[in-house]
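[1] Here you go, sequence then predicted model.
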Amino acid sequence: TQIMEMAQDDHQPPLVRGRRVKMKYAHAGGYNPPVIVIHGNQVDDLPSSYKRFLMNYFRKALEIMGTPIKIEFREGNNPFEGKKANLTLAQQRKRRRMMSYYKDKK
């Protein structure tokens, strides 16, 4: 995680669809070949050039030149995806009132 934060301080990740990519933490995922797992949001959409930069940065920081490093990116799922918002009774009344107001204007 410290190496990932140092890499972000040196070169901030590019914007993806106008939003900043937030890399939360990194940990070792395996040792032959070395695997580094990076968790965050929108990490799957990072450009390959930034992924290559991270790979080279980890290789230099861990002093393992000439060894292939595999970097896995993982992002959490949205807990609200696919759920429909249930309106409370007060919200339903307000919505009905607003809709009747807009219908009367036309």
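    Thanks, I have the structure now.

[2] Which strands or helices does the helix or strand where E5 lies pack on?
    Using DSSP states H and E, E5 maps to helix 2-10. In terms of contacts (3 or more CB pairs under 8 Å, 6 or more residues apart in numbering; DSSP states H and E), helix 2-10 is packed against strand 22-31, helix 48-61. Heads up, the C-betas are built off the backbone N, CA and C, glycines and all.

[3] Show me what counts as buried in it.
    M4, A7 (16 or more other CB atoms under 10 Å).

[4] which residues does the residue nearest the centre of the chain bridge with?
    Centroid check for the chain by CA atoms, centre = their mean gives N41 as the closest residue, at 1.1 Å. On the basis of DSSP bridges, N41 is bridged to K22.

[5] Just put the helices and strands packed on helix 2-10 in TSV and tack on mean neighbour count and mean pLDDT.
    Putting those into TSV (neighbours: other CB atoms under 10 Å; pLDDT from 0 to 100) gives the following:
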stretch	mean neighbour count	mean pLDDT
strand 22-31	14	91
helix 48-61	14	92
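
[6] For R97, which of these is the nearest?
    For R97, the closest of the helices and strands packed on helix 2-10 is strand 22-31, at 39.6 Å, according to CB to CB.
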